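>>> turn this into a structure:
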Amino acid sequence: MALGELEKLVMNVLWDAPETSWSVRTVADKFPNHAYTTIMTVLTRLTSKGYLIEGKAGRANTYRVSATRESYVATLMSEALATADDRAIVLARFAESMNSDDRAILSRLMRRK
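Below is the predicted model of the structure:
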């Protein structure tokens, strides 16, 4: 499931420190141009979408990532591929669009399977 612009910004902050449990205040402090309540709403939405795990530290809610940034991107790629009528054509076009370094990585990964 794709993220909105502010959701992406928030997730990027949290993904940069994946082992950290973040309070709403700590996240909100990273976004001084947004209201505390806006950030709280974003964190709640990200939790309901499954991107965050909610916890408690005393009376405060805390949030930590439930999956890596790489897992998120891989899911987006899978979701996009699932919309294709001809997956082979889509995969071929994707491979053609990759730079040589990425194609080499993909080739190595495919040989391991």
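
>>> average pLDDT across stretch 65-83?
Stretch 65-83 carries an average pLDDT of 93.

>>> list the contacts of that stretch.
Residues from elsewhere that reach stretch 65-83, judged by Cβ atoms under 8 Å, 6 or more residues apart in numbering: 1-3, 11-12, 14-15, 18, 50-53, 87, 90-91. For glycine as for every other residue, the C-beta is placed from the backbone atoms N, C-alpha and C.

>>> please spell out which residues along it are buried.
Across stretch 65-83, burial judged by 16 or more other Cβ atoms under 10 Å covers 65-66, 72.

>>> off-centre distance for that stretch?
Stretch 65-83 sits 7 Å away from the centroid of its parent chain (Cα atoms, centre = their mean, to the nearest Å).

>>> ok so, going back, nearest to Thr44 among the contacts of stretch 65-83?
Nearest to Thr44 out of the contacts of stretch 65-83 is Leu52 (Cβ to Cβ; 8.9 Å).

>>> pLDDT at the closest residue to Tyr36 other than its chain neighbours, what is it?
Counting by Cβ to Cβ, 6 or more residues apart in numbering, Tyr36 lies nearest to Ala28, which is 4.6 Å off, once chain neighbours are set aside. pLDDT for Ala28: 98.

>>> before we move on, the earlier item: from the buried residues of stretch 65-83, which land in strands?
Members of the buried residues of stretch 65-83 lying in strands (criterion: DSSP state E): Val65.

>>> can you lay out the buried residues of stretch 65-83 as a markdown table showing distance to Thr83?
Below are the buried residues of stretch 65-83 laid out as a markdown table (distance: Cβ to Cβ, whole Å):
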| residue | distance to Thr83 |
| --- | --- |
| Val65 | 26 |
| Ser66 | 24 |
| Tyr72 | 18 |
